[in-house]
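Peer 1: My questions concern the predicted model and sequence given below.
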Amino acid sequence: QVQLVESGGGLVQAGGSLRLSCAASGRTFSRYGMGWFRQAPGKEREFVATISSWNGGRTSYADSVKGRFTISRDNAKNTVYLGMNSLNAEDTAVYYCAAGRGGYYYTTDDEYDYWGQGTQVTVSS
């Protein structure tokens, strides 16, 4: 069982930056590929970024965030991060972190078994 708690969301002006954190419980964090997803009002949840289980592992990003967002992890701290730059109004959403079924990186939500409660990111234009 893995419990995930996101933090770092908030209100930011367009063009600004935020860094989200996701703290995981348990001693098996380093076994899981991790991902970030987001859900905007009236829209389906969508993939944002993913990283495989090892520090400095393989990553993948949605086209909409590529070059602006960076996913990273620190297995010693049981934490995964999402650095977000050049934010725009379309990035406004609740952001969720998730732990995958194995150590690889995964881009679809059905490959994740554990989810956090989410943190709100609002970008004002």
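Peer 2: Nice, I can see it. From a predicted model like this one, the values you see are computed outputs, not experimental measurements. Numbers count the residues shown, from 1 in each chain.

Peer 1: Who does the most centrally placed residue in the chain form a beta bridge with?
Peer 2: Centroid-nearest residue in the chain: Trp36, 2.5 Å away (criterion: Cα atoms, centre = their mean). Counting by DSSP bridges, Trp36 forms beta bridges with Ala49, Cys97.

Peer 1: which parts of stretch 87-98 are buried?
Peer 2: For stretch 87-98, burial by neighbour count (16 or more other Cβ atoms under 10 Å) applies to 87, 91-98. For every residue, glycine as well, the C-beta is placed using N, CA and C.

Peer 1: sorry, back to before: what's near enough to touch the residue nearest to the centre of the chain?
Peer 2: 20, 22, 48-50, 71, 80, 82, 95-98 (Cβ atoms under 8 Å, 6 or more residues apart in numbering).

Peer 1: Tell me, how many residues neighbour Gly42?
Peer 2: Here the number of neighbours of Gly42 (other Cβ atoms under 10 Å) works out to 5.

Peer 1: Next: Phe47.
Peer 2: 21.

Peer 1: what does the one 5 residues further on give?
Peer 2: Here the neighbour count serves as a burial measure; for Ser52 (other Cβ under 10 Å) it reads 20.

Peer 1: quick one: it and Thr107 touch, right?
Peer 2: No - proximity of Ser52 to Thr107 does not meet the contact threshold set by Cβ atoms under 8 Å, at 11.8 Å.
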